[in-house]
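> I'll drop the sequence and a predicted model, then ask my questions.
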Amino acid sequence: MRIVVCVKHVPDLQAERGFTEEGRVDRSQGDGTLNELDENAVEAAVSIVEEHGGEVVAVTMGPADAEDAVRRALQMGAEAAVHVVDDALEGSDAFGTARVLAAAVRKLEEDGPVDLVVTGMAALDGLMSVVPTLLAGHLRLPQATLAAELTVDAAARTVRVRRELDHASEVVEATLPALVSVTDQSNQPRYPNFKAIMAARKKAVTTWSLADLGIAATEVGAAGARTQVLEAAPRPPRENRVLVTDEGDAGTRLAAFLVENRLV
């Protein structure tokens, strides 16, 4: 079974966050990291391959430091990695991102079929949660999103996911090849040991440009973006905060505050 897992390099959530003058996420504050929800996607892909055999290929797009995201995926058990890097990608929105990732998957299919594409449910720098659906559309694949549980029947060529909705649990099944996005409830990502970290350093990361994927610069980046941030401002500081000093009755006072303000 051949699985492509799409990952993203995002700014550290503990760092100061904001936008640049161009209305783009400011990525200059501190070191970036693999998107936390994409760790669940990598774990899901690696676990499936451990059960059924095959390989996991991690794919990302972004500037030079985005390689860190696929390096982390290699540490977690991916066998190969692809980094799409091109100056023209700067300013790409979700639509441009999906177009590039789809082209990368199709190029990987030149070396053999891809049975499953796995993503995280969202990127924590934007939280738009639309790339999985857009990617499935580009690839013309059935999609099963927001999976809290994921199982594959290799013999029957099907994937089954359980989705936890507000008031119900839903089970969805699709034939392979398919695309699945997973939530943080789907698994507990493994922490790479020293041996895995050292082995990942020796693995090559394949780099592709837009030309390699047959995509024109005008189709992606700021030139091809369909969305634009018109205005952004820092969140205003909280006012009228109530500080409660616990003298043994803090719980009672908190309950009274919640009732008084109709918060329960």
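Done, it's in.
> G23: what secondary structure?
Recorded secondary structure, G23: coil (DSSP: H, G, I helix; E, B strand; the rest coil).
> For it, list the residues it contacts.
Applying CB atoms under 8 Å, 6 or more residues apart in numbering to G23 gives the contacts Q228, V229, L230, A232. Heads up, the C-betas are built off the backbone N, CA and C, glycines and all.
> And the strands in the stretch 101-250 of the chain, which stretches?
For the stretch 101-250 of the chain, strands defined by DSSP state E, counting those that start in this stretch occupy the ranges 116-120, 143-147, 149-153, 158-164, 169-175, 178-182, 205-208.
> quick revisit: farthest-apart pair in the contacts of G23, please.
The most widely separated members of those, counting by CB to CB, are Q228 and A232 (11.3 Å).
> May I see the strands of the stretch 101-250 of the chain arranged in CSV, with mean neighbour count and distance to I48 as well?
Below are these laid out as CSV (neighbours: other CB atoms under 10 Å; distance: least, CB to CB, whole Å):
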stretch, mean neighbour count, distance to I48
strand 116-120, 28, 7
strand 143-147, 22, 12
strand 149-153, 18, 5
strand 158-164, 19, 9
strand 169-175, 13, 14
strand 178-182, 27, 10
strand 205-208, 16, 22
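> out of those, nearest to K107?
Among the strands of the stretch 101-250 of the chain, strand 205-208 comes nearest to K107, with 7.0 Å by CB to CB.
> Give me the residues contacting that closest one.
E67, V70, R71, L74, A80, A81, V82, H83, V84, V85, A104, K107.
> give me that answer again for 6 Å
Residues from elsewhere that reach strand 205-208 (CB atoms under 6 Å, 6 or more residues apart in numbering): E67, V70, A81, V82, H83, V84, V85.
> Of these - the most surrounded one?
For the contacts of strand 205-208, the largest neighbour count, defined by other CB atoms under 10 Å, is 28 neighbours, found at V70.
> OK, contacts around that one?
Going by CB under 6 Å, 6+ apart, V70 touches A58, T60, A81, H83, V205.
> out of everything not next to it in sequence, what's closest to E173?
The shortest distance from E173 to any non-neighbouring residue, by CB to CB, 6 or more residues apart in numbering, is to R160 (4.6 Å).
> Touching, that neighbour and T151? I think so.
Yes - under the contact definition of CB atoms under 6 Å, R160 touches T151, with a separation of 5.1 Å.
> Quickly find the element holding the nearest residue to L263 once chain neighbours are set aside.
Spatial nearest neighbour of L263, chain neighbours left out: F257 (7.9 Å); criterion: CB to CB, 6+ apart. If you go by DSSP states H and E, F257 is part of helix 250-260.
> Show the subsequent helix or strand relative to the lengthiest helix in the chain.
Identified as the longest helix of the chain according to DSSP state H is helix 36-52. For helix 36-52, the succeeding helix or strand toward the C-terminus, using DSSP H and E, is strand 55-61.
> can you list contacts of that following strand?
Residues from elsewhere that reach strand 55-61 (CB under 6 Å, 6+ apart): 2-7, 45-46, 49, 66, 69-70, 73, 78-84, 100, 104.
> mind listing what V42 touches?
By CB under 6 Å, 6+ apart, the residues touching V42 are V5, A73, M76.
> now those in TSV, with distance to L141 and pLDDT?
Converted to TSV, the contacts of V42 look like this (distance: CB to CB, whole Å; pLDDT from 0 to 100):
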residue	distance to L141	pLDDT
V5	14	98
A73	21	96
M76	24	96
